[in-house]
Every structure is written in structure tokens, then in C-alpha cells.
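In: Sequence below, structure please.
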Amino acid sequence: MAIIEMNRSFLFGGTELPDPDPELSPEEVLDHYSRQYPQLNRGKVHQVSDSGDTIIYEMKKAEFAPDG
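Out: A predicted model of the protein is given here:
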């Protein structure tokens with residue numbers, strides 16, 4: 001049985017961001033990048049693709065709805 005190590009790629013606003021640390025969870029990577037991109041505070045991350053040896057995650061800024 002072979003173990004295949006998957007690479008991860010993170011997308012935000014059309015920009016591909018490198019994986020800062022493969023040991024971090026996707027939510028921790030979101031937190032890491034929220035320091036550089038403040039609009040990611042309280043944002044979401046979800047897996048959009050799993051092709052070949054790369055898992056692609058998309059990070060989206062928080063969406064606020066007006067009260068009413």
C-alpha cells in the first residue's frame with residue numbers, strides 16, 4: 001500500500017495562495033491569511049476540487065446581511 005501526500009492550494013479572489021504549513025487545518029490557514037487579507041476575518045473555507053495530487057480550497061470573505 002502506497003501513501004500519497006496531497007498538495008493543497010488555496011484560492012482567494014482569483015489569487016492562488018501557497019499552503020503556509022501542511023500541518024495546519026484549512027480553517028487555520030484561513031486564520032493565517034486573514035492577517036494579510038482582513039476581509040477574510042470570519043470568512044469561510046471549503047474544498048472545491050480534488051484533482052490528481054492537489055486539493056483546492058476556496059476562501060471567501062464573510063457575507064453580512066442587513067437586519068430587518
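
In: Helix or strand: which one has Val29?
Out: Using DSSP states H and E, Val29 sits in helix 26-34.

In: Now do the buried residues in the helix or strand just after that helix.
Out: As assigned by DSSP H and E, the chain's next helix or strand after helix 26-34 is strand 44-51. Buried residues in strand 44-51, defined by neighbour count with 16 or more other CB atoms under 10 Å: Val45. C-beta coordinates here come from the backbone N, C-alpha and C atoms, glycine included.

In: Contacts for the least confident helix or strand in the chain by mean pLDDT, please.
Out: The weakest-scoring helix or strand in the chain, judged by mean pLDDT, DSSP states H and E, is strand 44-51 (a mean of 90). Strand 44-51 is contacted from outside by 10-11, 26-27, 29-30, 55-60, 62, using CB atoms under 8 Å, 6 or more residues apart in numbering.

In: residues in contact with Leu30?
Out: Contact analysis of Leu30 by CB under 8 Å, 6+ apart lists 40, 43-45, 59.

In: Relative to Glu5, which of those residues is nearest.
Out: Comparing those against Glu5 with CB to CB places Val45 closest, at 20.2 Å.

In: what pairs with that closest one across the strands?
Out: Val45 forms beta bridges with Met59, as assigned by DSSP bridges.

In: just the one 4 residues further on next, same as before
Out: Listed by DSSP bridges, the beta-bridge partners for Ser49 are Ile56.

In: Report the separation between it and Met59.
Out: 14 Å (CB to CB, to the nearest Å).

In: where does this protein dip in pLDDT?
Out: Within the chain, the segments meeting pLDDT under 70 span 2-3, 65, 67-68.

In: Give me the distance between the two termini of stretch 18-34.
Out: Taking CA to CA, to the nearest Å, stretch 18-34 runs 14 Å from one end to the other.

In: Okay, buried residues for that stretch please.
Out: Buried-residue list, stretch 18-34, by 16+ other CB under 10 Å: 19, 26, 29-30, 32-34.

In: Check stretch 58-68 too.
Out: Neighbour-count burial for stretch 58-68 flags 59, 61 (criterion: 16+ other CB under 10 Å).
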